[in-house]
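> the sequence and its predicted three-dimensional model are supplied below.
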Amino acid sequence: MSGGFVVRCASSSRRLRLVAGASRTAGGFVVRCASSSLRSSSLALPVLLAGSSSAALPPAPRDSSLALPRRARGQSSRVPEGFDGVEKGNGAPVHPQTKERVMSTDEAVTKDLLQTLEDGREGYTKGAEKLGQLDQPALVTTFTELAAQRQTFADELQGMANDYGDDPDRSGSVAAALHRGWMSLTDALTKDTPRPSSRPLDRATTMP
Amino acid sequence: MTEYEKALGNDDVSADLRTVVERQLAGIRTARDTINGLASSAD
């Protein structure tokens, strides 16, 4: 498709292309989304034009960097709370009061999943270390594989986010960090000696 | 409810992310069954 204008979807921070038939409404523009999943539908989305004025819309540059994403993602019609259509810097929407970047739903969910996966990876890694002290090579192998699985899953989600310019934080959750700190402290105070019980396994079952 | 289940319960999550989450959750559940089996055999 040629012509039209590149616009940014307020709910997903994705670039869309304004095509023939689009019109302006009180709430923004009616945009025919050129993504695969929404090709046949029109969305009423608050959008930010590539230019500063709707009266002087620039033609869509023939620039590959402005090409439509190869996958539709975060195309929700829900606008992030507090979004006022203002974008800065990297093009992400910002909150009108705090001026902080507003995450899309997918980015926020991905962030939570990455934190969960990181917690799980660390838990299985530490479990493998403790099981190694118990001379349980089969269990060590299993736990190591599970830690690797969490890493693979996290890499997949992170790569998907990167494809769309998202930047979800990957560090483990604060609660998990506090728990790990507490466990380390109790280990140090009690000089924890691994025992051949299912306690590490029970704990692992609560992990993602 | 895990973060994965919460993600799948969020209607605003895109189809692409939902597909990945569903597949990963299946793998996680399999792993959980493995762990539960190990725990049972250890008891």
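Alright, I've got the coordinates.
> and the longest helix for chain B?
helix B:15-42 (DSSP state H).
> sorry, that was for chain A
helix A:105-133.
> do it and chain B meet at all?
Yes. Contact of helix A:105-133 with chain B (C-beta under 8 Å from any C-beta of the partner chain) involves A:105-106, A:109-110, A:112-113, A:115-116. C-betas here are computed from N, CA, C, even on glycine.
> okay, angle between that helix and helix B:15-42 too, please.
Helix A:105-133 and helix B:15-42 are oriented at 20 degrees to each other (axes from the mean of the first three to the mean of the last three C-alpha atoms, to 10 degrees).
> and helix A:105-133, which residues are buried?
A:105-111, A:113-128, A:130-131 (16 or more other C-beta atoms under 10 Å in any protein chain shown).
> elements contacting the next helix or strand after it?
Proceeding N to C from helix A:105-133, the next assigned helix or strand is helix A:137-163, under DSSP states H and E. If you count contacts as 3 or more C-beta pairs under 8 Å, 6 or more residues apart in numbering or on different chains; DSSP states H and E, helix A:137-163 packs onto helix A:105-133, helix A:199-204, helix B:15-42.
> which among those is found nearest to A:Asp167?
Closest to A:Asp167 of the helices and strands packed on helix A:137-163 is helix A:105-133 (C-beta to C-beta; 7.7 Å).
> now that closest one: mean pLDDT?
The pLDDT scores in helix A:105-133 average 92.
> pLDDT below threshold where in chain B?
B:1, B:42-43 (pLDDT under 70).
> so which residues on it come close to chain A?
Near chain A, when you scan chain B using C-beta under 8 Å from any C-beta, you find B:2-4, B:6-7, B:10, B:12-17, B:20-21, B:24, B:27-28, B:31-32, B:34-36, B:38-39, B:42-43.
> great, nothing more from me.
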